[in-house]
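1. sharing a model that was predicted from the sequence below.
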Amino acid sequence: MPHLSINSQTVEFQPGQTILDLCEALSINIPTLCHLAGTTPTGTCGVCLVEEAKAGMVKACSTPAEAGLEIRTHGVAVREARKKAIEALVATGNHNCGVAGAMTESFTDFQMDAGDMEASYDLCPVWGDCRLQDLVYEYQARTGLFDSGWKKEVPDVANPMIVRDFSRCIGCGRCVKACNEVQVNLAIDMDRSNGRDVVATKEGNGLVESNCVFCGECIQACPVGALVEKKAQNQWRPWEIEKIRTTCPYCGVGCQQWLHVKDEKIVKVTGVEEGAPNKGRLCVKGRFGYDFIYSDERIKRPVIRENGEFKEVSWDHALDYTADRLKAIIDESGPDALAGVSCARSINEDSYQMQKLFRAVFKTNNIDHCART
Amino acid sequence: MTNSFGEFSRARMFFVIGSNMTEAHPVASTFVKNAVQNGAALIVADPRRHKLAEFADIHLGLKVGSDIALLNGLMHVLIKENLYDRDFVENHTEDFDKLAAVVETYPPERAADITGIDAAAIVETARRLASVKPVMVCYTLGITEHTCGRNNVVSVANLQMLLGNMGAECGGVNPLRGQNNVQGACDMGALPNVFPGYQAVVDPAAREKFEKFWNVDHLPDQNGLMIPHMMEGLEKRKVRAFWIFGENLANTEPDITKVEKELGSAEFLICQDIFFNETTRFADVVFPAAAWSENDGTFTNSERRVSRVRTASPPPGEARPNWWIFREIAKRFGQEWESESGQDIWDNEISQLAPALGGIKYHRIEEDGLQWPCPSMDHPGTGFLHGKGSFTRGRGQFLPAEWTPPAEVPCEAFPYVLSTGRRLYHYHTRTQTGRCSGLNDLLGEETADISPVDAGRLGIAQGEYIRVSSRRGQVRVRAKVTEEVPEGMVWMAFHFRENNANWLANPAFDPITLTAEYKACAVNIEKQA
Ligand code: SF4
Ligand code: SF4
Ligand code: SF4
Ligand code: FES
């Protein structure tokens, strides 16, 4: 196998591997921002810079491993180069998270003012859960160094699910990769027609009119606050959240989800990145179809029919009444006068329990479910 | 599924028949599309030119209900041109002669007549299928929801055995299960003929095992009724008490008028659900149940993977876990069940009773789930079945099938075929998705999808209200004119009550599985005056 050197160590590589792949395999930490696992690199952010003896600073995510390369992944020069890249990114848009603020007013005042406004778009919706903010902190990058001439834009909320605030977009292209190479919905692309990278639908129309199927994979891929779930906006802060792993309640794929739970309420849902079978992916139902459980229309108490009307009763009453009626029917007509349909949406333990009730207690095999639909 | 979703992105060729994956199993379809992007070939057989067909090398737009003719035609070519896997057939299968005799009578020209596909396309498809090994076959309800559903299923299996694609990674036959836990409900024995783990109720040894474990005697020894027979039993008063757990039968079963008459004649109807719905209108008792994320338990997906479901919030009011409700009724019949949680029920009962689940315990599925068969605690689970061509019953048996038309075919009064299914933005009768913010905005009402040709002939404009009628009923619904649908076909879903396709669908059933023919009935479409 061919080899190269990383931090003065000789290592072997396989053709097709990038420097980043190789470092990951060796547990050498390289920061990345625009790189989206499993997709082709865009190389737009420059955060993954490493130093090569002859070529100088190269992007680890998009530089193929080649025999004889001499790579340094750490050191002052590498740090400075990455820091510059981060400072350039921060300057591209509305990144007012105040990490090393160039704010005119004090950051606290700004936060208080912004917080007063209903549904303010001034406060970053992902403060504390932003890859760029993490990097700014880690590399002590300064903000406001360049004037990139960005302008505040009114976020695009013209669809039911996704808030798109492109004044926070760093043009990394992860959303485009997520849409085209992960979910393959082919809805969005980078529009370079105005000399600036802008995320747009392929036809230049709104998301609702486009090929978008609202899987939300782009939100999950966005490292900053440019794309967020409308339902989750202003509902949570990362430190208030407990993440609970579960399985999607809809189709037979069985996608693994993280429920982001605040005060015993699900505020958003994301895919479990390395989890089987979905590898982090969800569809519109899995990502956005959770809030039915909080509907006011939930049945909250047992009811029985009396004179044609439903009447709320206690559990004991409902259970006793049901058992008595069933016993009477079994006594008169035998157990096969009972039949039951279990639920193909509920947990295994429920179906097990129901067939056990029918077989072991009622003594009938009249138990089925919609196995065929 | 014999195989796993994890194999999809590595597969080299797919044959997807009767599956609208991008809408019904969206994430599964993403892996198929990834494979296509990486150079895999894709053959889609479906009356509709749906989204996945856009990614296909070949789209076979067969007529509704002609699948067996297509599959037999393909096998005819494979045998005639000697393209099948002789080695696999000789060593791992039986009754090849019987299959050969039947498919002999389906030359491409005859298959073309029945399916409406070019004979040349059938020949080419057969050659393509034989050119790559293995080919992964996926199907869904387009195969099963026919009066010949069982024969459709065995024909798909015949094809894969003939091609030697069974027992191989990235091969096999892969029915994508419709609902999240339909696989699990089967595994749990919520079926009239088997205990948990597919142990037959007519087998005295199985009964003895369960009698001992459950500490009861005289478990019933005859197979019970399937849903359609239960419903008929209601009207005939043979079934007097009916317990419906979590199903909205009044909207999901074909011929709503008939179904509601049956439900209305139930003497004692128990519903156990999270919302009042069209079915609970007929109930005498309604138990309030805990929903999905208010439970600790497990779901089993299409690839036989048992994964954890966890509690995120408590159920509202006095709603209780379903297993608790059943347990309380058992108590009132004098049986005290020990298990007091989902984990107790799984670890101490289910995994002890079902041999294929014996090695699955909650502590082993904290993160990724395990795929059964997983018989012991050190077993890693099973990604694909029938490894090295060994079938559960020894050799794989060819079960040749003759094509039969749907129970109801177009006629003068009802000249169109109605096929039904699911759409992306809603699930079933919308009891859940209809209460999620945003989803109704993405899809707020039902449409009848028709072809531009039919729309043009009848002068129907995009979005205009039309009347769709069958022998059983009629609905008023907006027309969606789309190239996806071929001439002569109407396609509708069952998400909305007022124009639910099940007012029209035919309650004709496969004689063995009793699956209803949701995919084919005869309808008429008319412009509304
Ligand atoms: S929601 Fe899904 S389909 Fe729509 S743009 Fe994002 S990734 Fe693409
Ligand atoms: S929207 Fe987010 S993911 Fe997309 S390019 Fe902008 S920053 Fe990157
Ligand atoms: S997220 Fe979508 S594809 Fe995945 S299990 Fe849920 S409904 Fe199915
Ligand atoms: S991660 Fe390499 S350039 Fe962005």
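-> Sure thing, it's come through. Ligands and ions are numbered 1, 2, ... in the order given.
2. can you give me the buried ones in the helix or strand encompassing residue B:330?
-> Element membership of residue B:330, judged by DSSP states H and E, is helix B:322-332. For helix B:322-332, a neighbour-count test (16 or more other C-beta atoms under 10 Å in any protein chain shown) marks B:322-330, B:332 as buried. Just so you know, the C-beta spots here come from the backbone N, C-alpha and C atoms, and that holds for glycine as well.
3. what packs against the helix or strand following it?
-> Downstream of helix B:322-332, the first helix or strand assigned by DSSP H and E is helix B:342-344. For helix B:342-344, there is no helix or strand it packs on, judged by 3 or more C-beta pairs under 8 Å, 6 or more residues apart in numbering or on different chains; DSSP states H and E.
4. the helix or strand following helix B:342-344 near chain A at all?
-> Using DSSP H and E, the helix or strand that follows helix B:342-344 in sequence is helix B:351-353. No. Helix B:351-353 stays clear of chain A (C-beta under 8 Å from any C-beta of the partner chain), getting no nearer than 8.7 Å.
5. which other residues reach helix B:351-353?
-> With contact meaning C-beta atoms under 8 Å, 6 or more residues apart in numbering or on different chains, helix B:351-353 is reached by B:195-197, B:209-210, B:213, B:357-361.
6. how close does the residue in the stretch 201-350 of chain A positioned nearest to ligand 4 sit to residue A:89?
-> Distances between the stretch 201-350 of chain A and ligand 4 by C-beta to the nearest ligand atom are smallest at residue A:223, namely 9.8 Å. Per C-beta to C-beta, to the nearest Å, residue A:223 is found 10 Å from residue A:89.
7. burial count for the residue in the stretch 151-300 of chain A that ligand 3 sits nearest to?
-> In the stretch 151-300 of chain A, the residue that lies nearest ligand 3 is residue A:286 (2.1 Å; C-beta to the nearest ligand atom). Other residues near residue A:286 number 28, with proximity taken as other C-beta atoms under 10 Å in any protein chain shown.
8. could you report the pLDDT at it?
-> As summarised for this prediction, residue A:286 has a pLDDT of 96.
9. mind listing what it touches?
-> Residue A:286 sits in contact with A:248, A:250, A:255, A:257, A:269, A:271, B:27, where contact means C-beta under 8 Å, 6+ apart.
10. just residue A:226 next, same as before
-> Contact analysis of residue A:226 by C-beta under 8 Å, 6+ apart lists A:164-166, A:168-170, A:175, A:199.
11. biggest separation within those, which pair?
-> Based on C-beta to C-beta, the longest span within those runs between A:164 and A:170 and measures 13.6 Å.
12. in this structure residue B:290 contacts residue B:317, no?
-> No. Using C-beta atoms under 8 Å, residue B:290 makes no contact with residue B:317, being 10.6 Å away.
13. which one's more surrounded, the two?
-> Remark: of residue B:290 and residue B:317, residue B:290 carries more neighbours, 27 against 13, as counted by other C-beta under 10 Å.
14. tell me the residues of chain A that contact ligand 2?
-> For chain A, the residues in contact with ligand 2 (C-beta under 6 Å from any ligand atom) are A:169-175, A:199, A:221-222, A:224, A:226-227.
15. tell me which of those fall in strands.
-> Using DSSP state E, the subset of the residues of chain A next to ligand 2 located in strands is A:199, A:227.
16. tell me which of the residues of chain A next to ligand 2 is nearest to residue A:73?
-> Of the residues of chain A next to ligand 2, the one sitting nearest to residue A:73 (C-beta to C-beta) turns out to be residue A:172, at 21.0 Å.
17. neighbours of the residue of the stretch 51-200 of chain B found nearest ligand 4, how many?
-> Ligand 4 sits closest to residue B:55 of the stretch 51-200 of chain B, with a gap of 28.9 Å, by C-beta to the nearest ligand atom. For residue B:55, the count of nearby residues is 21 (other C-beta under 10 Å).
18. check contacts around it.
-> Here residue B:55 is in contact with A:184, B:32-33, B:36, B:42 (C-beta under 8 Å, 6+ apart).
19. what ranges does chain A have for its helices?
-> Assigned by DSSP state H, the helices in chain A fall at A:19-25, A:76-90, A:107-116, A:131-138, A:174-177, A:217-221, A:284-288, A:315-333, A:348-356.
20. likewise the stretch 201-350 of chain B?
-> B:204-214, B:227-235, B:249-252, B:256-264, B:322-332, B:342-344 (DSSP state H, counting those that start in this stretch).
21. quick one: these as TSV, columns for distance to ligand 3 and mean pLDDT too.
-> Listed next are the helices of the stretch 201-350 of chain B as TSV, based on distance: least, C-beta to the nearest ligand atom, whole Å; pLDDT from 0 to 100:
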stretch	distance to ligand 3	mean pLDDT
helix B:204-214	32	97
helix B:227-235	24	92
helix B:249-252	17	86
helix B:256-264	25	90
helix B:322-332	21	97
helix B:342-344	20	96
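22. quick one: which of those helices is nearest residue A:213?
-> Closest to residue A:213 of the helices of the stretch 201-350 of chain B, according to C-beta to C-beta: helix B:249-252, at 24.3 Å.
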